[in-house]
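Trainee: Dropping the sequence and predicted coords here.
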Amino acid sequence: MATQNSSLTFSRRAFMRTSSLAGGGMLIGFNLFTACKPKAEPPVDLSQLNYNDFNAFIEIADNGAVTIYSPNPEIGQGVKTSMPMIIAEELDVSWDNVYVKQGKLDTENYTRQVAGGSQSIRQGWDALRQTGATAKQMLINAAAARWGVDASECSASEGVISNSKGETLGYGEVVKEAAGMEIPEDVSLKATKDYKIIGTDRGNVDIDEIITGKPLFGLDYKVDGMVYACVVRPPAFGKKLVSYDDSKAKDMDGVIEILKIGEKARKLIEEEPGAGGILSQSDKVVVIAKTTWQAMKAKEAIEAKWEDASKLESTEEHNDILTGLLDGNKFETLRSDGNVKKAFAEADEVLERTYDSPFLPHNCMEPMNFFANINEEKVHLVGPIQTPEWKANMVSKMLGRDTSEILLEMTRMGGGFGRRLYGDFVLEAAEIADAIRKPVKVVYTREDDMNDGIYRMAIKYRIKAGIKDGKVTAYHLKEAAVNSNMYGLIPNFFPAGAIENYQVDAANYKSNITTGAWRAPYTNFLAFAEQSFFDELAELMDVDRVQLRLDLLQKVKGTTDERIQYSPERMEKVIHAAVEKSGWGNAPEGIYQGFVNYYCHNSHVAEVADVAIEDNTAVVKKITCVVDCGIVINPLGAKNQCEGGVIDGVGHSMYGELAFKDGVPTASNFDRYRQIRMKEAPVVEVHFIENELSPTGLGEPTLPPAGGAIANAIKAATGNRLYSQPFNNNPELLKVPEKEILG
Amino acid sequence: MPTYQLNVNGLDHSVDVSEDTPLLWVLRDHINLVGTKYGCGISQCGSCTVHMDGNAVRSCGITVSMAEGKSITTIEGLSENGSHPVQEAWKEIDVPQCGYCQAGQIMSATALLDKNPNPTEKEIKDAMHGNICRCASYNRIYKAVEMAAAKMN
């Protein structure tokens, strides 16, 4: 485990650039993991990506003002605030003098500017500190040279360098000389106790723009002469365009042009297997108009004919298919310890349960959109995208343009949740702009957004445990999923290593419904299944449900199995803290509690849900959430992530569902799709474990435990065990059975 | 196309649009006030909330012809530079995550407090229930409305 005050040695070549800026000042960049193969092809499954390459920039003006470029895309996870905080800490400047700007994609010098996997802070931690500390040392060296003293006699704090004689120089006064200095190879980093910015509450750097309605998002971006595009998409997964009649639409107000696209996307699918999972094989009809509303209206007036190109699938048959997979034997074994078969045969008791989940749309509040302007010289792309480099490379391939001609700018994103990893909308915008050669913004209607999604796939889990002599001796987890299975790290999460005979098997069914990463992929549902199962297991074994988990953790301590992802010691701490903070076991009358502990995305979390019965129905009142994510960079933002993650988890467990009938989603807007709202949101109380361990991410890990915590609390309140999400589909299970009320 | 006279944030605007054009798109595409957001287009999410004669309305469901002659306030016109007590409370509590829905949230909150300076917990939750926050910053939205009410009294 890396300590915080270590001095890290980075190769001098890792520095990408240091130069004098035209307007004065110094620009310094630092690239982490330069050993990684540059321009690596992204794998087909985005959840398998290594989200770890990184760049950072600092600009110091002659007057001492500091601009920090935040390299990674901002989707609401707060990295535009927290990443620059880390640089500013080591650079040693006052946060009040720091101005943060979104960095652009720079494919020539820098690779992988990605928002995903809760990895920005974890992977950026060392490089961000090193960037700040190196710049600080260069400034000190420049001041020392000017004074003619040894650098070791100088120090810097809050943007001012001083020497032993009491002389001082501001960063801005020496920045020009500093920019020409040799880059020091070995700089020391601050000790945790000396932090002045890290660990303090800092507001969102874009707060003033947000609360006054300034243009920030992709949908807000405009240039002179820009036109708007709305796209007529296949009405069902499996449908393909045959022909269209635009005679009504073309004469409508503001309509400039109506065209068909799809050929370039299909060609790209042939060349680039990764595109196949995110792009439609069908042609689409595009309406170009002067305004958004005119484009939306004219789109409705297009009369398109479609044919069935492949099977039109329905949720009912997915249910049968996934159940068939669980009953069958076409599994890939992802991890196997001991011999589960033998252990089950020898067990005194066996518990087996099946859990199921529906498809989910991402429903970012800002519908998908992207700007493109293409001419002979350049391909200019602007908008909300979590994977800018991957998309720029795909556009380059699709249009046959050199990557050097592609300029991609990221805007702030009105939510991501995994949907904006895919960037099918970027390719769409590029194909349209290449055809019409005008600056154009593609805008999805909400209906387009919900019905042309890349959804969280429907999954079923079956879990079986064997008990012998009062101990859990076997654990067998089977996954049956639409399209793709859990990524390779998950089989090594809790309770791997804790049970002697342990096996994880996975099988999938290939559907034509597009699916992908959705906030905390796989674990967003698996945590509910496993943690409900443990609760039931404890009841069957007649042991304390928290003690059962603590006993299992004992067996993992001191493990030599390097595949094990979680730390039993850190897990124990969050469990004990959650017991204490939630009043577990001492709930006030009328409050029923449910317990969950979980590890994912490198963070350890325990949550306790408080449920009350109101009007004979279980109502989630509060969730106590304890997190060990190492050092907390910005507690104010970190708590916000946790509160949101928990409520998002509650909302989707309770209400989230996108079913399909003949390839058509059953909801296309917020009238039919129930998104959690104010009155359904429980109070979330967040506690962090204080330690000096390297920080891990917070965008995802608090979401998965929430579903299990409320399911276990609902069981405590009503006696009903929940196996199927969303819970609200079985409202009778949220009620106390009548006989109990009478009795 | 007909011409409509709109009063937005105290300024008169003349726009040439078809009569069914939603106020939302007139604001965003014609008057260049993009703080009001498109979320659903069917008055279900609250992202496009503005004030019309002091009432919170969903601008995606109000046509330009319905808005003519009314006094419209958008997030840009709420205060000179973000100094409305609701905006200040939003900043102090650090409500936003992605931030996209927050203009609509703030417009719903200000309309509530204009009419009801001392709302109960239930009144706050009822008034804010129509605004979806996909990042689920609901705990903070609630606290910020409470804080703004205290600031205004």
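Mentor: Great, that's in hand. Please read all numbers here as calculations on a predicted model, not as lab measurements.

Trainee: Please look at A:A372 and A:L381 and confirm they touch.
Mentor: Yes: because the distance of 5.4 Å satisfies Cβ atoms under 8 Å, A:A372 is recorded as touching A:L381. Quick note: C-beta positions are derived from backbone N, CA and C, even for glycine.

Trainee: Can you work out which residues contact both of those two?
Mentor: Both A:A372 and A:L381 are contacted by A:V426, A:A429, A:A430, under the criterion Cβ atoms under 8 Å, 6 or more residues apart in numbering or on different chains.

Trainee: Mind giving me the packing neighbours of the one helix or strand the first one maps to?
Mentor: Following DSSP states H and E, one finds A:V426 within helix A:424-436. When contacts are defined as 3 or more Cβ pairs under 8 Å, 6 or more residues apart in numbering or on different chains; DSSP states H and E, helix A:424-436 packs onto strand A:227-232, strand A:255-261, helix A:263-271, strand A:284-289, strand A:369-374, strand A:379-383, helix A:388-399, strand A:440-443.

Trainee: Reformat the ones you listed into a markdown table and put distance to chain B and mean pLDDT next to each item.
Mentor: Compiled in a markdown table, those are given as follows (distance: least, Cβ to the nearest Cβ, whole Å; pLDDT from 0 to 100):
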| stretch | distance to chain B | mean pLDDT |
| --- | --- | --- |
| strand A:227-232 | 8 | 98 |
| strand A:255-261 | 12 | 98 |
| helix A:263-271 | 25 | 91 |
| strand A:284-289 | 10 | 98 |
| strand A:369-374 | 9 | 98 |
| strand A:379-383 | 13 | 97 |
| helix A:388-399 | 17 | 92 |
| strand A:440-443 | 8 | 98 |
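
Trainee: Once you drop chain neighbours, what's closest to B:E123?
Mentor: Sequence neighbours aside, B:N116 is the residue nearest to B:E123 in space, at 6.2 Å (criterion: Cβ to Cβ, 6 or more residues apart in numbering or on different chains).

Trainee: how is chain B carved up into domains?
Mentor: Residue ranges for the domains of chain B, per automatic domain parsing: B:3-77, B:85-152.

Trainee: Pull the contacting residues for residue 92.
Mentor: All of this is about chain A. Counted by Cβ under 8 Å, 6+ apart, A:D92 has contacts A:G132, A:K136, A:A156, A:S157, A:E158, A:G159.

Trainee: that's the wrong chain, I meant chain B
Mentor: Counted by Cβ under 8 Å, 6+ apart, B:E92 has contacts B:A144, B:M147.

Trainee: Return the set of buried residues in the strand or helix carrying it.
Mentor: For B:E92, the enclosing helix or strand under DSSP H and E is helix B:85-93. Taking 16 or more other Cβ atoms under 10 Å in any protein chain shown as the basis for neighbour counts, the residues of helix B:85-93 that come out buried are B:P85, B:V86, B:Q87, B:E88, B:A89, B:W90, B:K91, B:I93.

Trainee: With stretch B:126-140 instead?
Mentor: Neighbour-count burial for stretch B:126-140 flags B:127-140 (criterion: 16+ other Cβ under 10 Å).

Trainee: In which helix or strand does A:E536 reside?
Mentor: When elements are assigned from DSSP H and E, A:E536 belongs to helix A:523-541.

Trainee: What are the buried residues along that helix?
Mentor: Of all the residues in helix A:523-541, those buried under the rule 16+ other Cβ under 10 Å are A:523-538, A:541.

Trainee: go on, stretch A:143-161?
Mentor: With burial defined by 16+ other Cβ under 10 Å, the residues of stretch A:143-161 counted as buried are A:A143, A:A144, A:W147, A:A151, A:C154, A:A156, A:G159, A:V160, A:I161.

Trainee: With respect to chain B, which of those residues is nearest?
Mentor: Each of the buried residues of stretch A:143-161 was scored against chain B by Cβ to the nearest Cβ, and A:G159 proved nearest at 25.0 Å.
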